[in-house]
Every structure is written in structure tokens, then in C-alpha cells.
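J.: sequence? don't have it. structure:
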Ligand code: AMP
Ligand code: MG
């Protein structure tokens with residue numbers, strides 16, 4: 001379809017009008033296309049040629065609305081770093097409507113009723129990070145929001161110590177409802193009615209098979225718990241750290257949303273903290289499943305008017321065991337092993353690995369990639385050459401070799417399993433920084449190249465061999481600020 005044939009639908013105006021704001025985007029000056037994403041075009045049936053036009057720029061910029069589009073921002077609340085903030089909301093995001101069940105939202109489109117002290121803008125740096133990473137996550141099979149396009153402009157915003165150019169990224173999601181949305185609705189005058197309406201909306205969007213079920217609100221919660229256990233296991237398996245797991249950044253559909261100071265860890269560090277403001281490490285790598293559990297328990301209490309909270313809390317007991325099961329299953333795959341062939345899913349081997357990786361100071365994802373192509377246990381140099389300390393890994397390899405022998409697993413079998421889950425490329429923060437530095441000079445080529453790598457992480461990208469090895473030491477496991 002051409003852009004002008006795409007018709008958007010808006011389904012949010014049945015809610016009480018105090019729960020959203022209808023408004024027009026505030027366009028940026030002199031918008032420039034940085035990149036558009038063909039995979040996302042396919043999802044909404046948009047042809048690629050349309051993305052090269054001035055109309056497309058105007059569409060992302062919000063200066064021209066699509067047919068059917070009635071832009072609005074949503075209110076929500078949330079627990080930020082453990083403290084309840086009663087009123088947040090889309091402070092810089094504007095929803096345009098949906099097509100093919102993808103809800104389109106521009107981030108950085110100006111002030112809304114929910115902007116608080118913010119300026120309603122998003123700088124180029126943070127938009128590039130969101131645009132690339134949501135695609136990288138998808139390619140690893142991790143549920144996430146997506147991104148259609150990104151524009152740069154001659155509008156500037158002040159961040160920390162300098163003026164930065166403003167940008168808009170068009171994000172798409174099957175749902176933008178967060179735990180924080182329920183937290184706001186639970187504190188309204190007509191809370192029961194509003195919560196029921198919101199739960200029905202979430203069920204229709206994200207759990208349609210529950211629509212005619214008895215106790216559907218409780219079942220919605222259980223399904224979200226299951227999805228979140230999987231999501232956390234995937235994050236942990238690939239060394240992803242979200243950085244700001246506040247309840248307002250926590251999806252009701254079990255997706256990764258709101259990409260801020262996230263990171264794929266470089267060398268393995270169990271207590272790694274990627275967010276500079278997270279002094280206590282609330283959102284450290286290792287804490288993520290526990291914080292997810294905390295967030296879900298907040299949700300359980302928020303649903304008390306429409307669910308039996310005791311039942312929800314009872315179900316929460318399954319969360320960590322579910323998480324552990326999936327984590328072990330995925331980690332076994334990353335090692336080329338079959339979890340079902342061992343009584344405890346090779347738990348000991350995996351715990352030993354985690355300790356050894358940390359002691360060895362080795363790039364986390366590179367380790368698995370190199371393991372995938374290890375030719376013989378007699379020559380570990382292709383892996384150990386990347387470690388600062390080799391002894392801990394040598395010891396672990398003795399255990400690994402034994403498990404492989406016990407399971408009668410051959411190198412060929414393991415390679416077949418590992419090839420599917422151990423990518424050559426992982427998008428790390430220093431790569432994004434390279435793309436951002438160039439983009440600030442008006443060169444968007446690396447943004448586009450990183451998009452290709454993000455979407456094809458298992459493929460060869462000969463021009464970018466330098467990104468298929470350990471992160472330079474001085475750029476490893478750096479913390480990022482929340483400013484965006
Ligand atoms: P975040 O930590 O990015 O999820 O943002 C937390 C809240 O602050 C959300 O309600 C955002 O909409 C809002 N916010 C963040 N940055 C801005 C900004 N530059 N202008 C307005 N609101 C913002
Ligand atoms: Mg947010």
C-alpha cells in the first residue's frame with residue numbers, strides 16, 4: 001500500500017476522557033529522514049517507495065495526519081525506583097492510531113498534558129538507540145515493540161551539558177498498556193469500571209483467547225506472569241539489561257518496551273548496572289527477574305477490585321521457578337546441550353559457567369559464538385584468547401566435556417543447536433555510539449548499516465568484522481545516563 005492508502009483506526013476514546021488527551025503533534029523544524037525499516041513496513045503493509053517521499057517525512061513529523069488518525073496521549077502512573085508516582089503518562093509520545101493491529105506512536109512529538117518538567121522531545125542519540133535495539137531484540141526472538149522510522153531535525157533541545165538535535169522515532173506495538181496504566185486507573189473515582197474496561201481492552205489486544213473465559217481478569221494476569229518469566233529468561237540468557245524497569249516501563253503484553261539506558265553486557269559481570277542513576281543496583285543484571293516479580297506483585301494488588309488478589313499472589317509463586325526453567329532451557333541451547341537429558345537441566349554446569357565467565361573477564365556473547373565453532377576440546381585457544389584470565393574457563397571446560405560425553409553429544413550436534421541461538425553480532429552500546437557520533441555529523445550510514453546487522457545478527461557482515469569481537473576494554477560495561 002502507498003502511504004496515502006493507509007487508514008488508521010483509533011480505539012482509545014471509549015475510555016473516560018480524563019484518561020487520555022486528544023492533541024496534535026508539534027512538528028520539528030526541517031525534518032530529515034535518518035532511516036526507515038523495511039521489516040516494519042511489511043508489518044503494516046506499507047510500500048518502501050512511500051518511505052522515500054516528503055509525505056512520509058511529514059507523517060513521521062506529525063505535520064500531516066493520515067486518514068482516520070486522531071492523535072492522543074495516554075495517562076499512566078508508576079513505581080519509579082520503588083516509589084509510587086501517581087501521575088505520569090505519554091510526556092513526549094503521541095499515538096496516531098493502529099493499522100494491522102500495530103499501534104503507531106511517535107516519540108518526541110512535543111509537549112502533552114503529561115510532560116511535567118520535560119520538553120516533549122527526544123534527542124537523536126536516544127532515538128537511534130531505541131530504533132536499532134528494538135529491531136535487534138526482535139531478531140533474537142525476544143518480544144518487543146518495533147520501530148518504523150526515525151527522523152532528525154534542526155530543532156534542538158538542552159540535555160545535560162549541550163544542545164542536541166531533536167528527533168522522532170515512530171514506534172509500533174501490539175499494545176502500549178503498561179502496569180502503570182492499571183496503577184493510574186485503580187486510583188480514579190470510577191476505579192472498578194475503569195479497571196474492568198482497561199482489562200477488557202488488554203485482553204482484546206494481547207490475550208484474545210481469554211475473551212469469553214470465566215475469571216478472565218485473573219487469567220490475563222497469569223498469562224502475563226508466564227510471558228514475563230519467559231521475557232526475563234531471554235534477557236538474562238543474552239545478557240540484556242533494561243536499566244529502568246519501573247512499572248510504567250513494564251508492558252501488559254509481556255514485551256520489552258521503552259529503551260533507555262539499556263545495554264547488552266560486554267564482559268560478564270553478574271551485578272552489572274547499566275544505568276548511571278541506579279546507584280543501588282535495583283535494576284542490575286542479576287536483579288531483573290526479582291524486580292519483574294516485584295512489579296507483577298504491584299500489579300496484583302492494583303487489580304484487587306476486579307480479581308481475587310490471593311489467587312494472583314498464589315500464582316506468583318510459579319514465577320521464579322518458571323523463569324528458572326526457561327532460563328536453563330535457553331542456556332542449555334546456547335551450550336548446544338539438551339536440558340531434558342540431565343536430571344537438573346545441567347544447573348550445576350551453568351552455575352559454574354556463570355562464575356567462570358565472570359572470573360575470566362570474557363565478552364559474554366562472544367564466548368557463546370566462539371563456542372559454537374569450537375573444533376576440538378584439545379585446542380581452546382579460539383575462546384581462551386578472548387579471556388583475561390584463562391584458568392577458570394579451562395576448569396569449566398573439563399566439566400562441560402564430561403557432560404557432553406555423558407550425553408553422547410557430538411560437536412556436530414552441538415554446533416547445529418548453537419548456530420540457531422548464538423549470533424555473530426550483538427548490538428553493543430559502543431557500536432551505537434559510533435553510529436550516533438557519525439549521525440551528529442549528518443552521516444546516517446552507520447545507523448542504516450547497524451539496522452541491517454541488528455536484523456541479521458547470525459549473518460556475515462564482512463565490512464563489520466570489527467564488531468564481531470570483544471568490546472574494547474575502555475568501552476566495556478560503561479554506565480549510561482537516563483537523559484534522553
Ligand atoms: P522514562 O523513564 O523514559 O520511561 O520516562 C518517564 C516519564 O517521563 C514518562 O512519563 C515520560 O513520558 C516522561 N518523559 C521522559 N522524557 C521526557 C521529555 N523529554 N519530555 C516530557 N516527558 C518526558
Ligand atoms: Mg517510559
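T.: Yes, it's here. Only a predicted model underlies this, so the values are computations on that prediction, with no experimental measurement involved. Ligands and ions are numbered 1, 2, ... in the order given.
J.: could you measure from the closest residue to residue 122 other than its chain neighbours over to ligand 1?
T.: Of all residues not flanking residue 122 in the chain, residue 108 sits nearest, at 3.2 Å (Cβ to Cβ, 6 or more residues apart in numbering). Where C-beta positions appear, they are placed from N, C-alpha and C, glycine not excepted. Going from residue 108 to ligand 1 by Cβ to the nearest ligand atom, to the nearest Å gives 8 Å.
J.: wouldn't residue 108 be in contact with residue 120 here?
T.: Yes: between residue 108 and residue 120 there is a contact under Cβ atoms under 8 Å: 7.5 Å.
J.: intersection of neighbour lists for the two?
T.: Here residue 108 and residue 120 share the contacting residues residue 92, scored by Cβ atoms under 8 Å, 6 or more residues apart in numbering.
J.: more neighbours: which of these two?
T.: Set side by side, residue 108 and residue 120 show more neighbours around residue 108, with 33 against 22, by other Cβ atoms under 10 Å.
J.: list the contacts of the more buried one.
T.: 28, 92, 93, 120, 121, 122, 127, 166, 167, 168, 169.
J.: how about the first one, phi and psi?
T.: Main-chain torsions, residue 28, degrees, to the nearest 10: phi -90, psi 160.
J.: hmm, residue 157 and it touching each other?
T.: No: counting by Cβ under 8 Å, residue 28 stays clear of residue 157, with 10.1 Å between them.
J.: overlap in contacts, the two.
T.: Joint contacts of residue 28 and residue 157 (Cβ under 8 Å, 6+ apart) are residue 166.
J.: more neighbours: those two, which one.
T.: residue 28 (26 against 18).
J.: report pLDDT for the closest residue to the more buried one other than its chain neighbours.
T.: Sequence neighbours aside, residue 153 is the residue nearest to residue 28 in space, at 3.5 Å (criterion: Cβ to Cβ, 6+ apart). We have a pLDDT of 98 for residue 153.
J.: residue 153 against residue 165, yeah?
T.: Yes: proximity of residue 153 to residue 165 meets the contact threshold set by Cβ under 8 Å, at 6.2 Å.
J.: counting neighbours, what do you get for residue 343?
T.: Quick note: residue 343 (other Cβ under 10 Å) scores 7 neighbours.
J.: flag every residue of the stretch 101-250 of the chain that's near ligand 2.
T.: Proximity of the stretch 101-250 of the chain to ligand 2 (Cβ under 5 Å from the ion) is limited to residues residue 249.
J.: what ranges does the stretch 101-250 of the chain have for its helices?
T.: Here the stretch 101-250 of the chain has its helices, by DSSP state H, counting those that start in this stretch, at 124-139, 179-185, 191-206, 216-238.
J.: show me what counts as buried in the first one.
T.: Which is helix 124-139. 124-139 (16 or more other Cβ atoms under 10 Å).
J.: likewise for the third one?
T.: Of the residues in helix 191-206, 191, 194, 195, 197, 198, 199, 200, 201, 202, 203, 205, 206 count as buried by neighbour count, 16+ other Cβ under 10 Å.
J.: name the helices or strands packed onto it?
T.: helix 179-185, helix 216-238 (3 or more Cβ pairs under 8 Å, 6 or more residues apart in numbering; DSSP states H and E).
J.: residue 401 belongs to a helix, doesn't it?
T.: Yes: assessed by DSSP: H, G, I helix; E, B strand; the rest coil, residue 401 belongs to a helix.
J.: what's it in contact with, if anything?
T.: residue 377 are the contacts of residue 401 under Cβ under 8 Å, 6+ apart.
J.: could you check the pLDDT of it?
T.: Reading off the model, residue 401 has pLDDT 97.
J.: same thing with residue 161?
T.: Reported pLDDT for residue 161: 84.
J.: do residue 459 as well
T.: 98.
J.: you'd agree it is up against residue 424?
T.: Yes: in this structure, residue 459 is within contact of residue 424 by Cβ under 8 Å, at 7.4 Å.
J.: between those two, which one's more packed in?
T.: residue 424 (21 against 11).
J.: that one reaches residue 468, doesn't it?
T.: Yes: between residue 424 and residue 468 there is a contact under Cβ under 8 Å: 5.1 Å.
J.: need the residues touching each of those two.
T.: By Cβ under 8 Å, 6+ apart, the residues touching both residue 424 and residue 468 are residue 369.
J.: spatially, what comes nearest to residue 216 if we skip its sequence neighbours?
T.: The nearest residue in space to residue 216 (Cβ to Cβ, 6+ apart) is residue 210, at 4.6 Å.
J.: look at the residue of the chain found nearest ligand 2 and say how many residues are nearby.
T.: Closest residue of the chain to ligand 2, Cβ to the ion: residue 258 (3.9 Å). Residue 258: 24 surrounding residues under other Cβ under 10 Å.
J.: how many neighbours does the spatially closest residue to residue 315 that is not a sequence neighbour have?
T.: The shortest distance from residue 315 to any non-neighbouring residue, by Cβ to Cβ, 6+ apart, is to residue 222 (5.3 Å). Residues within reach of residue 222, counting by other Cβ under 10 Å, total 17.
J.: quick one: residue 222 and ligand 1, what's the gap?
T.: From residue 222 to ligand 1 the distance is 26 Å (Cβ to the nearest ligand atom).
J.: from residue 235, how far out is that residue?
T.: 21 Å (Cβ to Cβ, to the nearest Å).
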